[in-house]
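**Q** Kindly generate the corresponding structure for this input.
(chains A, B, C, D, E and F)
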There are 6 protein chains.
Amino acid sequence: MTKLTHISETGEARMVDVSEKPETDREARAEGRVVMAKETLDLILRGDAKKGDVIGAARIAGIMAAKRTADLIPLCHPLMLAKIILDITPDHALPGFHVACTAKVNAQTGVEMEAMTAVSVACLTIYDMAKAVDRGMRIENIRLLSKKGGRTGDWRAPD
Amino acid sequence: MTKLTHISETGEARMVDVSEKPETDREARAEGRVVMAKETLDLILRGDAKKGDVIGAARIAGIMAAKRTADLIPLCHPLMLAKIILDITPDHALPGFHVACTAKVNAQTGVEMEAMTAVSVACLTIYDMAKAVDRGMRIENIRLLSKKGGRTGDWRAPD
Amino acid sequence: MTKLTHISETGEARMVDVSEKPETDREARAEGRVVMAKETLDLILRGDAKKGDVIGAARIAGIMAAKRTADLIPLCHPLMLAKIILDITPDHALPGFHVACTAKVNAQTGVEMEAMTAVSVACLTIYDMAKAVDRGMRIENIRLLSKKGGRTGDWRAPD
Amino acid sequence: MTKLTHISETGEARMVDVSEKPETDREARAEGRVVMAKETLDLILRGDAKKGDVIGAARIAGIMAAKRTADLIPLCHPLMLAKIILDITPDHALPGFHVACTAKVNAQTGVEMEAMTAVSVACLTIYDMAKAVDRGMRIENIRLLSKKGGRTGDWRAPD
Amino acid sequence: MTKLTHISETGEARMVDVSEKPETDREARAEGRVVMAKETLDLILRGDAKKGDVIGAARIAGIMAAKRTADLIPLCHPLMLAKIILDITPDHALPGFHVACTAKVNAQTGVEMEAMTAVSVACLTIYDMAKAVDRGMRIENIRLLSKKGGRTGDWRAPD
Amino acid sequence: MTKLTHISETGEARMVDVSEKPETDREARAEGRVVMAKETLDLILRGDAKKGDVIGAARIAGIMAAKRTADLIPLCHPLMLAKIILDITPDHALPGFHVACTAKVNAQTGVEMEAMTAVSVACLTIYDMAKAVDRGMRIENIRLLSKKGGRTGDWRAPD
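**A** Next comes the predicted model:
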């Protein structure tokens, strides 16, 4: 029967045993976006035309957060991340930014939470750096796009 | 003219000087939600009828993340948080969970990012604990609901 | 001759070289207990009959602390933990709680400190959550119960 | 009626609101001990006659852990510690070490958990550094000795 | 007589008691530099003409490290930093980068270590990002330039 | 053509993909020094004749910092360190201390930054513990001495 792997038979939270699983190459990609006023986007891009610091700071924050995932998410296993890439793209139609992260590891467990955490913290950093001019920004649609490797194989988000 | 406070005149990221601001009581409330399959929600609630561990773990993760905000968000000031409350409520119509956080502090700067970070990490924890049965869950609409105190005074989200 | 492995020939603290040791499956189990007034135990269990939050919070804190062991204990090697289980059991005869932790890893060095640290922090969390009603609680008898794997083989506490 | 302050009316864990409490001088003292074989104590003291590294490392680990308390214990408030002193004393009659910590702060909440956490991590560090020669060591009787300041006033352990 | 404040009368390391000191405005400025091959500097600046990522990443790393100072330096007090500014300037004559940091706080103890730590970690980040092309880079002359406030008053480096 | 590996084709910072690289034994050695007044060195050594706490604290701080490297340096990969040794040697001719670190790992990427970070934080700790008597101390010449292993093979500093 379907069950939650992080909950034991008797109902307690636990870090599941992955010691019998083989180390395999795993990759995950996640995305999210920050929706803001048109003026806020313009203001960020104008600054970034010069030095790129909002996007640059959000990228660094996301990469560093990926490495802190097991510190933040109680039942995540620590992982020796092999690669983290953050893509942060402005979208005038949104208006706002698309944030995506690809994470890779050779491990006994997957790297989905690292990609999701990197996206979340990169979005929060964009919010933080622009909140003085636009408190109404929203972080939307953080989700897993795809994962590869592991016992359950490949998976891709429906749309 | 409107400008980004975290970017200097010459375009570099910086942690803004709050040393001349008075310490005042500040409060912020943020929210977000995790949208999932109806079966996933049922599975979590069934486990939680026994021990409450998914919601309980997400609440603890959110509270602990609030205290790590300045470690995660590059330009956030460290803050001596006075209170953190996480509300996590199931919603069968969503289906999924509503997550909200109220944060309080007496400080020279606001507590919005602590509330936003707590909500984000609580949502990520719910995702992590249920992802083995539902990889398609989405974290949606993380946003500030209100803030009180500080030089710019009170603010409330439009809707 | 018997010597302390964490102290060099000339007497300085050091993180011992494990690079020549093979990676083997290792497991450790540690225990401890929190002794309290009968009324304190009743109060915790009454709350936990509803939501289980003291025990649940202590379990999460212990699991997260296991992952921070190398951050806390100066000469511990970082480890990719494969499994952490915390058992927290009330005992009316004590009165108080028994806390035990099983930790597993496939590594060049053992996982005893992770199990010991998880037990310690889970006990501290119980103390913290109940200290407003009972400052006289004591954390007692934190010790290793058993370890498996590694060059020195299996070990089990005498009693 | 007596209740657990870290549990809300409806049973959830929370970080209690201290924003209305005045900042006062607070001090806490906690103790614990590591009990070991006579030979283990001799071995540690022989090394320490030269360089003092087991006791020195345990002292530093305890001081650093006190500063990480709010990171480890889910519902602890962050505190600006004003002072941390660790006393680590060998006792041939035990045989083993007595560990005690005095912590001071001017804050809206007490400093008991910082003192308790420092003692616990100093004991764990002694265990770690000597465990290769004595796995049967035990950490015993970690408890609060006294606290001063705050709304509930002074408190002293009965014996 | 002159003595080391972090060492007690009996010779142990300790976190000194600042609880009797008044909170005053304090500021510290530190500097350092990374010396490299001319080609390495050119390569970094060419990349930075586009996106500024080496300097940008080093600046973010330095700001974040300032907030981690008490986590890294055993006897440093935690501080609620009010401001951190990092200046990173290329110098073709060096050739390399000058790194400087100004830190401000209103506290019972000084902010020198935060400025020194920020400079160190920013220099290490520049080293890390360019080390694949130039392993022979050196980090030089990290020192305090000035401090203001506190019982010992203002201080300025001789040259 | 020569390029910075941590910068992508389009100029963004990234954590480079090491997933295709074999795990090999790697070792790195770095050094640095703290230059101080003759009286400061005497004062530290006089205290250390008794208990060794300045050098001992700096050694522990360096070892612990090595394990935090990936937390501090944005684009560093997390590593399972196999060995960390810190050598801290007084030099009356300097006057001051020489600090060196050897780090070892079996991994897909090198361990240079861990050795460099350990040296930096050990130097900062010496500065911190003696700054009350000598604010003019300088941290000098932090550099890589040698590295072994990995695709690029062995390297040794010219002089």
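**Q** neighbours around the residue of chain A found nearest chain D, how many?
**A** Nearest residue of chain A to chain D: A:Asp71, at 8.8 Å (CB to the nearest CB). Every residue, glycine included, has its C-beta placed from N, CA and C. A:Asp71 is flanked by 22 other residues according to other CB atoms under 10 Å in any protein chain shown.
**Q** State the pLDDT value of the nearest residue to A:Gly149 once chain neighbours are set aside.
**A** What sits nearest to A:Gly149 in space, not counting adjacent residues and going by CB to CB, 6 or more residues apart in numbering or on different chains, is A:Arg26, at 3.8 Å. Note for A:Arg26: predicted pLDDT of 95.
**Q** Beta-bridge partners for A:Arg26, please?
**A** Per DSSP bridges, residues listed as beta-bridge partners of A:Arg26: A:Val105.
**Q** All the strands of chain A, residue numbers only.
**A** A:24-35, A:83-91, A:96-107, A:138-148, A:155-156 (DSSP state E).
**Q** Just the mean pLDDT for the shortest one, thanks.
**A** Confidence over strand A:155-156 (mean pLDDT, whole number) is 96.
**Q** likewise the fourth one?
**A** The predicted model gives strand A:138-148 an average pLDDT of 97.
**Q** Establish whether that strand and chain F are in contact.
**A** No: Strand A:138-148 lies apart from chain F when judged by CB under 8 Å from any CB of the partner chain; the minimum separation is 11.6 Å.
**Q** Span of stretch A:32-41 from start to end?
**A** In stretch A:32-41, first residue to last residue: 16 Å (CA to CA, to the nearest Å).
**Q** List the buried residues in that stretch.
**A** Of the residues in stretch A:32-41, A:Gly32, A:Arg33, A:Val34, A:Val35, A:Met36, A:Thr40, A:Leu41 count as buried by neighbour count, 16 or more other CB atoms under 10 Å in any protein chain shown.
**Q** For that stretch, which outside residues touch it?
**A** Applying CB atoms under 8 Å, 6 or more residues apart in numbering or on different chains, the external contacts of stretch A:32-41 come out as A:90-92, A:94-100, A:119-120, A:123, A:126-127, A:130, A:133-134, A:136-143, B:2, B:139.
**Q** Count residues in the vicinity of the residue of chain A found nearest chain E, would you?
**A** Going by CB to the nearest CB, chain E is nearest to A:Gly56 of chain A, at 4.1 Å. A:Gly56 is flanked by 26 other residues according to other CB under 10 Å.
**Q** can I assume it is in contact with E:Ala58?
**A** No: A:Gly56 lies out of contact with E:Ala58 (CB atoms under 8 Å); the separation is 10.9 Å.
**Q** quick revisit: looking at the strands of chain A, which one is packed in the most?
**A** strand A:96-107 (a mean of 24; mean count of other CB atoms under 10 Å in any protein chain shown).
**Q** A:Glu140 bridge partners, please.
**A** With DSSP bridges as the rule, A:Glu140 is bridged to A:Arg33.
**Q** For A:Ala103, which residues are in contact?
**A** Contacts for A:Ala103 (CB under 8 Å, 6+ apart) come out as A:Glu27, A:Ala28, A:Arg29, A:Ala66, A:Leu81, A:Lys83, A:Ile84, A:Val111, A:Glu114, A:Ala115, A:Ala118.
**Q** now it: how far from F:Ala107?
**A** Per CB to CB, to the nearest Å, A:Ala103 is found 18 Å from F:Ala107.
**Q** What pLDDT does the model give A:Ala2?
**A** That one is not Ala; residue A:2 is Thr. pLDDT recorded at A:Thr2 is 65.
**Q** Let me see the ranges of the helices in chain A.
**A** Applying DSSP state H to chain A gives helices spanning A:38-50, A:53-67, A:69-72, A:112-130.
**Q** weakest of the ones you listed in terms of mean pLDDT?
**A** Between those, the one with the least mean pLDDT is helix A:38-50; it has a mean of 83.
**Q** So what does A:Met137 have for phi and psi?
**A** Per-residue torsions, A:Met137: phi -60, psi 150 (degrees, to the nearest 10).
**Q** From chain C, how far off is the closest residue in space to it that isn't next to it in sequence?
**A** Nearest residue to A:Met137 in three dimensions, chain neighbours excluded: A:Met36, at 4.4 Å (CB to CB, 6+ apart). Relative to chain C, A:Met36 is positioned 34 Å away (CB to the nearest CB, to the nearest Å).
**Q** go on, A:Ile44?
**A** A:Ile44 sits 35 Å away from chain C, going by CB to the nearest CB.
**Q** Kindly report the same for A:Ala103.
**A** Going from A:Ala103 to chain C by CB to the nearest CB gives 16 Å.
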